[in-house]
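Participant: Sequence first, predicted coordinates after that:
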Amino acid sequence: MLVSLGNAENLPVNESLFMRMTDQWENTRAIPADLLFTKSPVEAVVFRLQKIDLEQNDGTARLQFPNELIAGEIRGEKGLTGFSAKFRQQGWIILPAELSAMYKNLFLNILAASIGLEHLYSTKKELLVEAERVGLAAMLPEAEVRKFFGLRLSRFPDSFRSEVANYFNLPFDYVLKRANHLGMVSEQVIEEANSQTLRSPILRRPQSSRAA
């Protein structure tokens with residue numbers, strides 16, 4: 001099952017690239033030359049996901065990963081948004097090199113989680129929703145999120161959004177999703193926050209040296 005980021009228009013691009021890459025692997029047993037291989041980061045991500053998974057499920061592992069993971073970036077592939085998929089006994093995670101470090105880290109966690117959870121879900125939509133929940137849980141500890149959302153806020157001024165994004169080195173809307181998963185904000189608050197973003201977008205790009 002291929003899990004594709006973005007919308008329906010991006011899916012054919014991601015699927016086509018995956019087919020080309022796996023065909024090359026079948027023929028040459030070699031990583032594509034234009035893949036910027038990033039093995040160490042994905043191993044660290046998987047280790048953290050597995051640790052949190054065991055802690056949250058009383059020692060029972062829900063995540064199951066293949067023995068080999070291939071993760072990397074492709075530069076200059078028009079329409080590529082990022083995807084994960086299994087091929088033979090491998091897990092593949094491919095992201096566009098043009099993404100900022102913040103989004104690369106975020107999507108690497110979500111897509112890695114999707115590989116570990118694939119055996120539990122029969123539809124891509126359900127898998128991606130749960131992978132997002134699991135990935136955010138690994139990146140955003142409840143105690144840290146509660147520092148910002150423990151007061152049941154319903155309005156989020158730009159200064160607050162920027163402070164939260166800087167603190168976690170993650171987009172505010174994903175931190176807000178994590179707060180929703182934890183029951184700190186409601187779906188209605190999220191809808192209102194999204195409409196607020198459309199009316200008054202954040203102009204500054206968050207900058208932080210804090211690791212997510």
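Facilitator: Perfect, thanks for sending it.
Participant: C-alpha only now, for contacts and for neighbours.
Facilitator: Noted.
Participant: Next, the buried residues of stretch 129-140.
Facilitator: Neighbour counts over stretch 129-140 (16 or more other Cα atoms under 10 Å) mark 130, 131, 132, 133, 134, 135, 136, 137, 138, 139, 140 as buried.
Participant: With stretch 95-110 instead?
Facilitator: Neighbour-count burial for stretch 95-110 [16+ other Cα under 10 Å]: 95, 96, 97, 102, 104, 105, 106, 107, 108, 109, 110.
Participant: In helices, which of those fall?
Facilitator: Applying DSSP state H to the buried residues of stretch 95-110, the entries found in helices are 102, 104, 105, 106, 107, 108, 109, 110.
Participant: picking that back up, which of the buried residues of stretch 95-110 sits closest to residue 173?
Facilitator: residue 106 (11.9 Å; Cα to Cα).
Participant: Relative to residue 158, how far out is that closest one?
Facilitator: From residue 106 over to residue 158 the distance is 21 Å, taken as Cα to Cα, to the nearest Å.
Participant: can you redo the ones in helices among the buried residues of stretch 95-110 as CSV with distance to residue 54 and pLDDT?
Facilitator: Shown next, in CSV, are those (distance: Cα to Cα, whole Å; pLDDT from 0 to 100):
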residue, distance to residue 54, pLDDT
102, 26, 94
104, 25, 93
105, 22, 94
106, 21, 96
107, 21, 96
108, 20, 95
109, 16, 96
110, 17, 97
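Participant: Just send those residues back as CSV, with distance to residue 16 too.
Facilitator: Listed next are these as CSV, based on distance: Cα to Cα, whole Å:
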residue, distance to residue 16
102, 26
104, 21
105, 24
106, 23
107, 20
108, 20
109, 23
110, 21
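Participant: Just the closest of these to residue 81, please.
Facilitator: Nearest to residue 81 out of those is residue 107 (Cα to Cα; 9.8 Å).
Participant: how about that closest one, what does it touch?
Facilitator: residue 82 (Cα atoms under 8 Å, 6 or more residues apart in numbering).
Participant: Stretch 139-154: which residues count as buried?
Facilitator: 139, 140, 145, 148, 149.
Participant: mind putting those in TSV, secondary structure, distance to residue 25 and pLDDT included?
Facilitator: Below are these laid out as TSV (DSSP: H, G, I helix; E, B strand; the rest coil; distance: Cα to Cα, whole Å; pLDDT from 0 to 100):
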residue	secondary structure	distance to residue 25	pLDDT
139	helix	32	96
140	coil	36	97
145	helix	42	96
148	helix	46	94
149	helix	46	91
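Participant: Now do the SS call for residue 71.
Facilitator: At residue 71 the chain is in strand, as set by DSSP: H, G, I helix; E, B strand; the rest coil.
Participant: contacting residues for the closest residue to it other than its chain neighbours?
Facilitator: Leaving out its chain neighbours, the residue that sits closest to residue 71 by Cα to Cα, 6 or more residues apart in numbering is residue 93, at 4.5 Å. Residue 93 sits next to 69, 70, 71, 72, 82, 83, 84, 85, 108, 111, 112 when contact means Cα under 8 Å, 6+ apart.
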